[in-house]
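**Q** got a sequence here, can you build the structure:
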Amino acid sequence: MKDKIYKLLPHFLQCLLITLFNYFAYKDRYGNKYQFYLNQFKQNRNLSLQELKNIQTKRFNKFLSETIEKSSFYRNYPIVELNEIEKLPIVNKETLRKYIGEVYAITKSEGILSKTGGTTGKSLEVYFTKENMQERFAMLDDFRNRTGYKLGEKTAWFSGKNLLTNKDLKKNRFWKTDFLYKVRYYSTFHIKDDYLKYYVEDLIQYQPKYFVGFPSTILEIAKYGLKNGYDFPANTVKAIFPTAETITQEMRVIIEKFFKTRMYNQYASSEGAPFIIECEKGNLHLELQSGVFEVLDDNNKPTNSGKLVITSFTTEGTPLIRYDIGDSITLEDSSSRCTCGNHNPLIKEILGRIDDYIYSLENGKINLGNVSNTLKDTRGIVKFQAIQNELNALEIHLIVDDEIYNNEIEKKFIQNWKDRVGNQMKITIIKVKEIPIENSGKFRIVKNNIKHLI
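**A** Predicted coordinates for the structure are as follows:
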């Protein structure tokens with residue numbers, strides 16, 4: 001009913017409704033304890049590694065004992081020390097989804113609902129306590145505040161909100177604006193050449209100080225702007241904060257070149273993962289105050305590069321203890337230190353979703369970073385998506401610039417793939433005009449549909 005009424009309203013009143021919705025949502029997010037946590041994280045920025053580990057241990061002990069007391073799913077868990085965490089079982093997404101009603105440690109009326117994006121087709125509903133939600137926003141804002149960001153600064157937001165109507169499309173208007181908090185929400189569902197001109201020109205006119213959201217959408221806007229000779233005003237955007245998707249080096253270079261600013265990466269999740277943040281030196285730090293990070297191999301043994309299993313202290317409503325979140329990371333050498341003043345451990349890279357890989361019978365798993373690198377020494381490939389429906393066959397959907405792309409470039413592109421997957425796999429190139437995004441508004445560069453066969 002709400003959606004039907006919204007779609008009948010004129011643009012101005014739709015924006016007013018969005019503003020009102022945010023006003024009430026922000027009362028929960030920025031309520032009683034928000035400022036307390038924000039001050040705390042500011043004070044703790046330069047703590048030593050040992051001090052951070054002490055906080056982590058203390059929080060783990062409290063979180064585990066309270067979860068066992070309040071959640072029927074965890075009721076039979078033993079009390080263990082942090083250095084014995086491997087004694088607890090690992091919970092995967094399917095288990096969490098199946099028993100979610102038992103996992104909840106609060107009633108739904110007490111909590112703030114958060115839904116995962118459902119990139120794999122299955123969304124998940126989790127509930128946060130108000131205090132946990134305020135702490136998460138304080139931690140996120142402490143990270144963003146280092147570039148000058150604060151609530152109310154003019155911001156361009158690119159997320160999975162589907163806010164447009166047919167009237168908007170007819171008027172080539174692909175955004176809605178929160179008047180009070182100065183946030184303009186740009187659609188991530190209409191990213192194609194016919195429309196990108198309007199995105200670029202509105203961003204130039206709107207002059208946001210910050211970008212937040214899906215980097216795949218921001219990338220397409222930047223690529224269009226560069227290709228068509230737009231000169232984005234320098235010193236307009238102070239920082240770009242990507243969310244929800246893995247960033248490749250190629251994406252970073254193109255986005256930063258067009259918008260003439262820096263991108264600062266961070267990792268969390270809708271279900272409440274602890275934070276990984278990028279500092280001003282360009283290094284990624286685990287935030288030990290927010291949770292426990294385990295990097296494990298296929299046998300669930302500690303490794304430097306592997307799947308990420310998390311325990312998050314800010315999930316008291318829907319507790320996550322040793323949760324296999326479906327992503328993978330690579331740790332830096334434990335002796336590595338950053339000169340930024342943040343003494344949290346370093347990681348080399350966020351490899352992204354474990355499901356987002358191509359599997360080769362010859363060479364094994366080809367991760368997202370290696371998939372992205374198949375574009376090396378090619379030109380005229382606007383966008384591609386690799387789809388694996390068979391163990392020994394691969395479909396690559398390709399959007400190309402016909403004026404640049406040619407047979408020689410295609411041969412190079414295919415050879416780049418063969419260098420990664422081997423010569424046995426059948427590679428089929430399918431040229432398309434458009435590659436659809438997911439219902440969540442995200443774009444998946446890889447769709448692996450054979451995980452059950454591996």
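
**Q** low-confidence ranges, the stretch 1-150 of the chain, go.
**A** Low-confidence segments of the stretch 1-150 of the chain (pLDDT under 70): 1, 117-123.

**Q** how about 90 then?
**A** The stretch 1-150 of the chain contains residues with pLDDT under 90 at 1-8, 25-29, 31-32, 92-94, 97-98, 114-125, 150.

**Q** give me the neighbour count for the closest residue in space to residue 275 that isn't next to it in sequence.
**A** Once flanking residues are discounted, residue 275 sits nearest to residue 287: 4.2 Å by C-beta to C-beta, 6 or more residues apart in numbering. In short, each C-beta sits where N, CA and C put it, glycine included. If you count neighbours by other C-beta atoms under 10 Å, residue 287 ends up with 23.

**Q** give me phi/psi at residue 287?
**A** Here is the backbone geometry of residue 287 (degrees, to the nearest 10): phi -100, psi 100.

**Q** list the contacts of it.
**A** 139, 274, 275, 276, 277, 344 (C-beta atoms under 8 Å, 6 or more residues apart in numbering).

**Q** now the buried members of these.
**A** The neighbour-count criterion (16 or more other C-beta atoms under 10 Å) marks 139, 274, 275, 276, 277, 344 among the contacts of residue 287 as buried.

**Q** correct me, but the first one touches residue 37?
**A** Same thing as residue 139. Yes - with contact defined as C-beta atoms under 8 Å, residue 139 reaches residue 37; the gap is 7.1 Å.

**Q** redo the contacts of residue 287 as JSON lines? Include distance to residue 108 and secondary structure.
**A** What follows is the contacts of residue 287, written out as JSON lines (distance: C-beta to C-beta, whole Å; DSSP: H, G, I helix; E, B strand; the rest coil):
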{"residue": "139", "distance to residue 108": "24", "secondary structure": "helix"}
{"residue": "274", "distance to residue 108": "24", "secondary structure": "coil"}
{"residue": "275", "distance to residue 108": "25", "secondary structure": "coil"}
{"residue": "276", "distance to residue 108": "29", "secondary structure": "strand"}
{"residue": "277", "distance to residue 108": "31", "secondary structure": "strand"}
{"residue": "344", "distance to residue 108": "34", "secondary structure": "coil"}
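
**Q** tell me which two of those sit farthest apart.
**A** 139 and 344 (12.1 Å; C-beta to C-beta).

**Q** for residue 378, give me the pLDDT.
**A** For residue 378, the pLDDT comes out at 87.

**Q** swap in residue 425?
**A** 91.

**Q** correct me if wrong: it contacts residue 366.
**A** No - using C-beta under 8 Å as the test, residue 425 is too far from residue 366 to be in contact (10.0 Å).

**Q** anything in contact with each of those two?
**A** Joint contacts of residue 425 and residue 366 (C-beta under 8 Å, 6+ apart) are residue 360.

**Q** if we can go back for a sec, want to throw the buried ones among the contacts of residue 287 into CSV with distance to residue 102?
**A** Shown next, in CSV, are the buried ones among the contacts of residue 287 (distance: C-beta to C-beta, whole Å):
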residue, distance to residue 102
139, 28
274, 23
275, 27
276, 29
277, 32
344, 33
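
**Q** between those residues, which is nearest residue 82?
**A** Nearest to residue 82 among the buried ones among the contacts of residue 287 is residue 274, at 13.6 Å by C-beta to C-beta.

**Q** ok, and the closest non-adjacent residue to residue 421?
**A** Going by C-beta to C-beta, 6+ apart, residue 421 has residue 360 as its nearest residue, at 4.0 Å.

**Q** revised request: answer the last question for residue 180.
**A** In space, residue 180 is closest to residue 19, 4.9 Å off (C-beta to C-beta, 6+ apart).

**Q** again with residue 238
**A** The nearest residue in space to residue 238 (C-beta to C-beta, 6+ apart) is residue 209, at 5.1 Å.

**Q** let me know how buried the one you found is, in neighbour terms.
**A** 17.

**Q** measure it to residue 233 for me?
**A** 12 Å (C-beta to C-beta, to the nearest Å).

**Q** then residue 344?
**A** For residue 344, the distance to residue 233 - C-beta to C-beta - is 35 Å.

**Q** distance of the residue nearest to residue 275 from residue 138?
**A** 12 Å.

**Q** chain center to stretch 289-304: distance?
**A** How far stretch 289-304 lies from its chain's middle: 19 Å, per C-alpha atoms, centre = their mean, to the nearest Å.

**Q** same check on stretch 142-162?
**A** That offset, for stretch 142-162, works out to 14 Å (C-alpha atoms, centre = their mean).

**Q** what does stretch 285-294 give?
**A** Here stretch 285-294 is found 17 Å from its chain centre; the criterion is C-alpha atoms, centre = their mean.

**Q** who does the longest helix seen in the chain touch, helix- and strand-wise?
**A** Ranked by residue count and defined by DSSP state H, the top helix of the chain is helix 49-70. Contact analysis of helix 49-70 by 3 or more C-beta pairs under 8 Å, 6 or more residues apart in numbering; DSSP states H and E lists strand 291-296, strand 320-331 as its packing neighbours.

**Q** which is the next helix or strand following that helix?
**A** Where DSSP states H and E defines the elements, the next helix or strand beyond helix 49-70 is helix 93-98.

**Q** where does residue 252 sit, in terms of helix or strand?
**A** Counting by DSSP H and E, residue 252 is part of helix 249-259.

**Q** list the buried residues of that helix.
**A** 251, 252, 254, 255, 258, 259.

**Q** so what does that helix touch, helix or strand wise?
**A** Packing contacts for helix 249-259, counted by 3+ C-beta pairs under 8 Å, 6+ apart, involve helix 215-227, strand 239-242.

**Q** contacts for the longest one, please.
**A** So that's helix 215-227. In contact with helix 215-227 (C-beta under 8 Å, 6+ apart) are residues 158, 186, 188, 191, 193, 196-197, 199-200, 203, 211, 230, 232, 240, 242-243, 245, 247, 251, 254-255, 257-259, 263, 382-383, 437, 441-443, 445.

**Q** pull the CA atoms of that helix into CSV?
**A** Output in CSV follows, covering the C-alpha atoms of helix 215-227 (Å, rounded to 0.1, in the frame of the first residue of the first chain):
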residue,chain,number,x,y,z
PRO,A,215,31.3,1.0,-6.8
SER,A,216,30.1,-0.8,-9.9
THR,A,217,27.5,2.0,-10.5
ILE,A,218,30.0,4.8,-9.8
LEU,A,219,32.5,3.1,-12.2
GLU,A,220,30.0,3.1,-15.1
ILE,A,221,29.3,6.8,-14.5
ALA,A,222,33.0,7.5,-14.4
LYS,A,223,33.7,5.5,-17.6
TYR,A,224,30.9,7.3,-19.4
GLY,A,225,32.2,10.7,-18.3
LEU,A,226,35.8,10.0,-19.4
LYS,A,227,34.7,8.5,-22.7
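
**Q** residue 283 versus the residue nearest to residue 449 when sequence neighbours are not counted, what's the distance?
**A** Of all residues not flanking residue 449 in the chain, residue 389 sits nearest, at 5.1 Å (C-beta to C-beta, 6+ apart). According to C-beta to C-beta, residue 389 and residue 283 sit 38 Å apart.
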